[in-house]
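Chemist: next comes the sequence, and after it the predicted model I'd like to discuss.
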Amino acid sequence: MSEANGTCERCGKKVKQEVWLVLDQRSWTYTDRDVPDEFSQGAFLFGPDCAQFELAEDRREWAKWEAKQ
Ligand SMILES: [Zn+2]
């Protein structure tokens with residue numbers, strides 16, 4: 001009885017298993033980190049596969065951001 005009502009931010013397909021990631025404006029990546037409100041661009045919906053892709057990118061970009069601090 002469960003119907004997907006959202007679409008994936010990355011691929012645009014209907015999401016059955018919802019993963020919400022926050023867009024962190026420091027690294028401009030979608031993350032599952034706790035992002036302080038002042039750096040958050042809000043939560044976006046992804047499917048599990050696309051979420052994995054985004055998180056891998058986040059880990060790379062976040063490491064670069066941290067290295068600059
Ligand atoms: Zn997707």
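Modeler: Yep, that arrived.
Chemist: all strands for this protein, in order.
Modeler: 19-24, 29-31, 40-46 (DSSP state E).
Chemist: packing partners of the longest one?
Modeler: For strand 40-46, the elements it packs on are strand 19-24, judged by 3 or more CB pairs under 8 Å, 6 or more residues apart in numbering; DSSP states H and E. Every C-beta, even on glycine, is put in place using the N, C-alpha and C of the backbone.
Chemist: now swap in the shortest one and tell me
Modeler: In this structure, strand 29-31 packs against strand 19-24, helix 48-67, with contacts taken as 3+ CB pairs under 8 Å, 6+ apart.
Chemist: redo that, cut-off 10 Å
Modeler: Counting by 3 or more CB pairs under 10 Å, 6 or more residues apart in numbering; DSSP states H and E, the packing neighbours recorded for strand 29-31 are strand 19-24, strand 40-46, helix 48-67.
Chemist: also the first one?
Modeler: Under the contact criterion of 3+ CB pairs under 10 Å, 6+ apart, strand 19-24 touches strand 29-31, strand 40-46, helix 48-67.
Chemist: fine, thanks again, bye for now.
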